[in-house]
Every structure is written in C-alpha cells, then in structure tokens.
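S.K.: attaching a predicted model along with its sequence, questions to come.
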Amino acid sequence: HVEENQSPAPMFGPDTTVCSNASIILDGTSGTYSYLWQDNSTAQIFTVTALGTYNVMVVDTVTGCSGADTILVGVAPAPTFSLGSDVTVCNGTLVSFSGPAGQYSYLWNTSDTTASISTGAAGYYELELTDSINGCSAMDTVMLTVNPNPAVALGADTAICSAAGSLALNG
C-alpha cells in the first residue's frame, strides 16, 4: 500500500503592484509547515513594502513534502500633498482649501468632489486624493477654528452740546 502525500501549495496569485504608501501581505499558507522566504526569514506571513521578487519555500514538517511560489511586486507612486497648517479665523471669514491639480479624483469629508472647497464653518476638513491612472490614494486633514467676533455695545444714542465738553465711549 503506497500513500501519496500532498505537497503544500502557497498561492500568491499573479504579479501585482502596491502603492508606495501601502503594503501587501504574503501568506505562505497555514498548517504544520516551516517557511523560508527569499530573505531567509521563517515566519508564515511576509509584509511587502518595496519593489522586488518575493518567494517562499514551504515544507510540511510531518511529511517532508515541499512547495514554493514566487511573485513580482511593483510599486506605484502614491500622491503626496498637504492641505497646509491648521487655520484660525474670525467669524464670517471664508477659507479655501485645495488639493493639487492633475489626474486626480477628489473626495472631501463634506462629500464635495472638487479640487477646492471654501468654508467658514469650524471643523476638520479631510481630502482623499486618488490618482486616476494608478489608483493610489493619499489623505490629509486640516483643522479650521473660527473665533467669535468681539461684541461691541456703546449704549444708547446720546446728544451732547458743544459747550458741555466731551463724552467718553467705552468699547
């Protein structure tokens, strides 16, 4: 009686591209296996953050059977941008925030989909910018603080005679 043991079969899928501000996880499959990655590490999971060829040799520690897989990972540039520093203004002042021009789609936390927004309302404003060619995205947030205008009350209208002198006003 001859029994055939199954070899482990890690499956990374086709070659892929990761955005420069992201990573992908390669899994050598779970079981009673030992793992040997291209960098001589031995964990089941390998995190990829850079361009390169990645491979794993998986050995079943019970049967001694082995299997391997290789994947080429490219890196696409993620957009980089800044909405600028947090802003503080007086009540009634409009402020504009803008993402960069280019091959991007825009999604603000206000649901606007334009490159720029104008607002006078206090709060956080977040823009998710997505490159329409490679699909990579980035986010930035800015805080708008709106200070109340000072209240001024000079009192009721008053008439004075020029001979009487002066009237003190207190703001």
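M.R.: All right, it came through fine. A quick note: this is a predicted structure, and the numbers were derived from the prediction, not measured. Residues are numbered from 1 along each chain as shown.
S.K.: quick check: S34 touching T63?
M.R.: No: S34 is beyond contact range of T63, at 12.0 Å (criterion: CB atoms under 8 Å). Every residue, glycine included, has its C-beta placed from N, CA and C.
S.K.: what ranges do the strands span in the chain?
M.R.: Listed in chain order, the strands of the chain (DSSP state E) span 16-19, 24-27, 33-37, 45-48, 52-60, 66-76, 87-90, 95-98, 104-108, 116-119, 123-131, 137-147.
S.K.: any chance of these in CSV, plus distance to Q6?
M.R.: Below are these laid out as CSV (distance: least, CB to CB, whole Å):
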stretch, distance to Q6
strand 16-19, 26
strand 24-27, 18
strand 33-37, 12
strand 45-48, 22
strand 52-60, 8
strand 66-76, 9
strand 87-90, 62
strand 95-98, 57
strand 104-108, 46
strand 116-119, 57
strand 123-131, 42
strand 137-147, 41
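S.K.: any chance of these in TSV, with distance to A156 and mean pLDDT too?
M.R.: What follows is the strands of the chain, written out as TSV (distance: least, CB to CB, whole Å; pLDDT from 0 to 100):
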stretch	distance to A156	mean pLDDT
strand 16-19	66	93
strand 24-27	73	92
strand 33-37	84	94
strand 45-48	73	94
strand 52-60	79	94
strand 66-76	69	94
strand 87-90	27	96
strand 95-98	37	97
strand 104-108	47	98
strand 116-119	37	97
strand 123-131	39	97
strand 137-147	28	97
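S.K.: could you export these as CSV, including distance to S7 and mean neighbour count?
M.R.: Below are the strands of the chain laid out as CSV (distance: least, CB to CB, whole Å; neighbours: other CB atoms under 10 Å):
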stretch, distance to S7, mean neighbour count
strand 16-19, 24, 16
strand 24-27, 17, 14
strand 33-37, 11, 17
strand 45-48, 20, 14
strand 52-60, 7, 17
strand 66-76, 4, 16
strand 87-90, 61, 13
strand 95-98, 56, 15
strand 104-108, 45, 17
strand 116-119, 57, 15
strand 123-131, 40, 18
strand 137-147, 39, 15
